[in-house]
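1. Using only what follows, build the 3D model:
(2 chains)
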Amino acid sequence: MRYSYYPGCTLKTRAKELDRYARLSAVALGAELEELPEWQCCGAVYPLAKDEIATRLSAVRALMSARDEGRTLVTVCSACHNVLKQTNEALKADANLRMKVNNYLDPEVPYAGEARAIHYLELLRDEIGFGEVKKRVANPLKGRRIAGYYGCLLLRPSAVMALDDPENPRVLEDFIRALGAEPVAYGRRNECCGAYVTLEDRAQAEKSARKIVQSAADAGAETIVTACPLCLYNLKNSAGGLPVRYITELLAEALGIAEGA
Amino acid sequence: MNNENLRDLVVEISGANPRKCMRCGKCSGTCPAYAEMEYRPHRIVAMVEKGDIEPLMRSQSLYRCLACMACVERCPRSVEPAKLVEAVRLLVIRGQGQNHMSPDDIPQKLDAELPQQAIVAALRKYGK
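-> From the prediction side, this is the model:
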């Protein structure tokens, strides 16, 4: 099965492992991720102001490109996926936004949210299936106690993201189980890492991140996994002491395709 | 601008309705930036409702919000406090010369690991 793929800026620079192992693992699982021919930065945060049009346009272009290719759009960065999905749902729901966006972009075929935007975890869970993932695991991560970190962007706002239960999610735990490891339950898995505030007030962001890492460590985790480069950065910098890795690094390791494995 | 005009502007930009608030305080109870804020989310909602916008516009609380959507998700009345915070912040930074952060501020904040996503997000939230 072929999918359109939106990597995002950070996956081309600081988060190359997130990107590389997403692609390699998808191939190993029989899914082909084809990068959109042209894409721009999604803007990193979904604009909360109703009256902003320009800041939503790059996401619309990516969605429209996937629609024109007739494929589902897969994104692995939680932030990019959040922006793409929220933009798509807003275009479906808000006729005024739809009109303004189409007037501005003037596409051959007007865009009304026809693309289907899914996160990489949804590709694994709903398209490939965790059962199938489990069958392809060559190197089960036996005995490893892993804390899945959701953060905000995969789950909220849940009425729009619709990826999982926002307060009691399980997709990361099911993912970790499929790799043969043991998911660790801990309280702060869906609380904020401090996000972009690290550039405004580093101490505030570190405080948020430290509580999360502490919560995972207290529950006996040896590693935290995330799908978001900014979450990884904040959690790593919190001096919480636990290693933090991308979900796709862990996946590639379990599939036996990680370099040096 | 008078208080009513400012309130109407915040409501228009945000698309949120502070009058739905029933003062339960759940937004502040769940806010990860609570300890860093002079005005907490529940108070911000009440101040917007009253048209008490100018003190908010001068407050650093606007730059402490993480847009984590915890308050939006957990509000039993769907008030969407984060959208009101963003709208008040935009009232400030949309003004000429009023960016809270600009590209010139970034080089001194860089380190080798900082993801590009953080820079784009901060410039979007703190500037125009």
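
2. so residue A:47 makes contact with residue A:56?
-> Yes - judged on CB atoms under 8 Å, residue A:47 makes contact with residue A:56 at a distance of 6.2 Å. Glycine gets a C-beta too; all of them are placed from N, C-alpha and C.

3. Name the nearest residue to residue 2, sequence neighbours excluded.
-> Since no chain was named, I'll use chain A. When the adjacent residues along the chain are set aside, residue A:2 lies closest to residue A:32, with 4.7 Å between them (CB to CB, 6 or more residues apart in numbering or on different chains).

4. other chain: chain B
-> Computed as CB to CB, 6+ apart, the closest residue to residue B:2 that is not its neighbour in sequence is residue B:51, at 7.9 Å.

5. Tell me which residues touch the one you found, please.
-> Taking CB atoms under 8 Å, 6 or more residues apart in numbering or on different chains, we find residue B:51 in contact with B:2, B:3, B:4, B:6, B:7.

6. Kindly report the same for residue B:99.
-> Residue B:99 is in contact with B:93, B:126, B:127, B:128, counting by CB under 8 Å, 6+ apart.

7. out of the residues you listed, who's near chain A?
-> With respect to chain A, and counting by CB under 8 Å from any CB of the partner chain, the subset of these in contact is residue B:126.

8. most neighbours, which of the contacts of residue B:99?
-> If you count neighbours using other CB atoms under 10 Å in any protein chain shown, the busiest of the contacts of residue B:99 is residue B:126, which has 20 neighbours.

9. Spatially nearest residue to that residue (excluding sequence neighbours)?
-> Taking CB to CB, 6+ apart, and ignoring the residues beside it in sequence, residue B:126 has residue B:101 as its nearest neighbour in space, at 3.6 Å.

10. Could you report the distance from the residue nearest the centre of chain A to chain B?
-> In chain A, the C-alpha nearest the mean C-alpha coordinate belongs to residue A:78, at 2.7 Å (CA atoms, centre = their mean). Counting by CB to the nearest CB, to the nearest Å, the separation of residue A:78 from chain B is 10 Å.

11. Quick check: phi and psi at that residue.
-> Dihedral angles of residue A:78 (phi, psi; degrees, to the nearest 10) stand at phi -60, psi -40.

12. for residue A:101, same thing?
-> The phi and psi torsions at residue A:101 (degrees, to the nearest 10) take the values phi -60, psi -40.

13. what residues does the strand or helix carrying residue A:175 touch?
-> Using DSSP states H and E, residue A:175 maps to helix A:171-178. Helix A:171-178 has contacts (CB under 8 Å, 6+ apart) with A:121-122, A:124-125, A:130-131, A:133-134, A:137, A:146, A:148-150, A:163-164, A:182-183, A:185, A:189, A:225, A:247, A:250-251.

14. So which of those belong to strands?
-> A:146, A:148, A:182, A:183, A:225 (DSSP state E).

15. burial count for the fourth one?
-> Neighbouring residues of residue A:183 were enumerated by other CB under 10 Å; the total is 20.

16. so how far is residue A:224 from it?
-> 11 Å (CB to CB, to the nearest Å).

17. Excluding residues flanking it in the chain, which one is nearest the residue nearest the centre of chain B?
-> Per CA atoms, centre = their mean, the C-alpha nearest to the average position across chain B is that of residue B:85, at 2.4 Å. Taking CB to CB, 6+ apart as the measure, residue B:85 lies nearest to residue B:65, with 4.6 Å between them; neighbours along the chain are not counted.

18. all helices of the chain, in order?
-> All of this is about chain A. Assigned by DSSP state H, the helices in chain A fall at A:16-28, A:57-69, A:78-93, A:95-105, A:120-122, A:130-136, A:158-161, A:171-178, A:202-218, A:229-236, A:247-255.

19. Not quite, go with chain B.
-> Counting by DSSP H, chain B has helices at residues B:3-14, B:26-30, B:41-50, B:54-57, B:70-74, B:81-93, B:116-126.

20. could you redo these as CSV and give each row distance to residue A:231 and mean pLDDT?
-> Rendered in CSV, the data for the helices of chain B read as follows (distance: least, CB to CB, whole Å; pLDDT from 0 to 100):
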stretch, distance to residue A:231, mean pLDDT
helix B:3-14, 26, 95
helix B:26-30, 19, 98
helix B:41-50, 22, 98
helix B:54-57, 29, 98
helix B:70-74, 15, 98
helix B:81-93, 18, 98
helix B:116-126, 10, 97
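
21. Columns distance to residue A:258 on top of these, output as TSV?
-> As requested, those are exported to TSV (distance: least, CB to CB, whole Å):
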stretch	distance to residue A:258
helix B:3-14	45
helix B:26-30	38
helix B:41-50	43
helix B:54-57	49
helix B:70-74	34
helix B:81-93	38
helix B:116-126	24
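
22. if we can go back for a sec, right, so the helices of chain A: which one is the most enclosed?
-> Relative to the other members of the helices of chain A, helix A:229-236 carries the highest mean neighbour count by mean count of other CB atoms under 10 Å in any protein chain shown, namely a mean of 26.

23. what does the model give the residue nearest to residue B:2 for pLDDT?
-> According to the prediction, residue B:51 has pLDDT 96.
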